[in-house]
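Enquirer: please find the sequence and the predicted model below.
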Amino acid sequence: MPKRVISGKVVKIAGDKTATVLVERKVLHPRYHKTVKRFKKYLVHDEKNESKVGDTVEAIECRPLSKNKAFRLLEIIQRGEG
């Protein structure tokens, strides 16, 4: 079974080796048929602590690493402005 890959922006460094990533997706509203944005935050395991707030990153699904953390940092796509 293929692993899920998510892409989003780092909004917080949540402790050691953990980053909070905000993922945005666009869905069609069922009644109004307008495209609306939906957001979800994921905890991502960052082994080398290389991501910073504002970076755009890609993460891949893995085994559960803690209660809420089930993604590993795959790559940093773009560095933030900070």
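Expert: Now that the structure is in, tell me what you want to look at. Residues are numbered from 1 along each chain as shown.

Enquirer: for Pro64, report the pLDDT, please.
Expert: Looking at Pro64, its pLDDT stands at 97.

Enquirer: go on, the one 5 residues further on?
Expert: At Lys69, the predicted lDDT confidence score is 97.

Enquirer: so the nearest residue to it once chain neighbours are set aside bridges to which residues?
Expert: Here the nearest residue to Lys69 in space, its sequence neighbours aside, is Leu43; by Cβ to Cβ, 6 or more residues apart in numbering that works out to 4.2 Å. The C-beta positions use only the backbone N, C-alpha and C, and glycine is treated the same way. With DSSP bridges as the criterion, Leu43 is bridged to Thr20, Lys69.

Enquirer: low-confidence regions, the chain specifically.
Expert: Low-confidence segments of the chain, defined by pLDDT under 70, span residues 82.

Enquirer: in contact with Gly80, which residues?
Expert: 9-10, 52-56 (Cβ atoms under 8 Å, 6 or more residues apart in numbering).

Enquirer: sorry, back to before: what's the burial count for the residue nearest to Lys69?
Expert: Summarising burial for Leu43: neighbours were counted as other Cβ atoms under 10 Å, giving 20.
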